[in-house]
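Student: got a structure for you, letters missing:
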């Protein structure tokens, strides 16, 4: 992973746990991404609407405020269908049930907690690299 390879790409991290947020911010900044953050789905949608440069949203599946990462993804995908999502969760029963809904959603992928930083970085790099050029902006 080169720190220069991701220049110009922006990740929005939506996470309510401050320590997990800090880890994710450090990981993405280390690999060369610009990072924006939100601590719940509502602020995630607002941040997305205010920052059209966001390339991918890295979000916890279970968020405070009664709106899941999947519901946030549906809202954002309605507004901008080419948006990429990498949703993260532990293997709770609620998480398992919600994950079944992502199988029919375009541009939405999943990774389990606890996650390996290198695996996440490689997954995000691949998702952005594989996106058609017409969806970059």
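Tutor: Ah, there it is. Predicted model only: the values in this text are computed from it and were never measured.
Student: who's in contact with the most centrally placed residue in the chain?
Tutor: Nearest to the mean C-alpha position of the chain, by Cα atoms, centre = their mean, lies residue 58 at 1.6 Å. Listed by Cβ atoms under 8 Å, 6 or more residues apart in numbering, the contact set of residue 58 reads 11-14, 24, 28, 85-86, 88, 120, 124. C-betas here are computed from N, CA, C, even on glycine.
Student: report the beta-bridge partners for it.
Tutor: On the basis of DSSP bridges, residue 58 is bridged to residue 13, residue 86.
Student: where does pLDDT dip in this structure?
Tutor: Along the chain, the model assigns pLDDT under 70 to residues 1-7, 91-104, 132-137.
Student: now the strands for it?
Tutor: Under the criterion DSSP state E, strands of the chain are mapped to 10-14, 34-38, 54-60, 84-89, 108-112.
Student: packing partners for the fourth one?
Tutor: What it means is strand 84-89. The helices and strands touching strand 84-89, judged by 3 or more Cβ pairs under 8 Å, 6 or more residues apart in numbering; DSSP states H and E, are strand 54-60, helix 69-79, helix 93-102, strand 108-112, helix 117-130.
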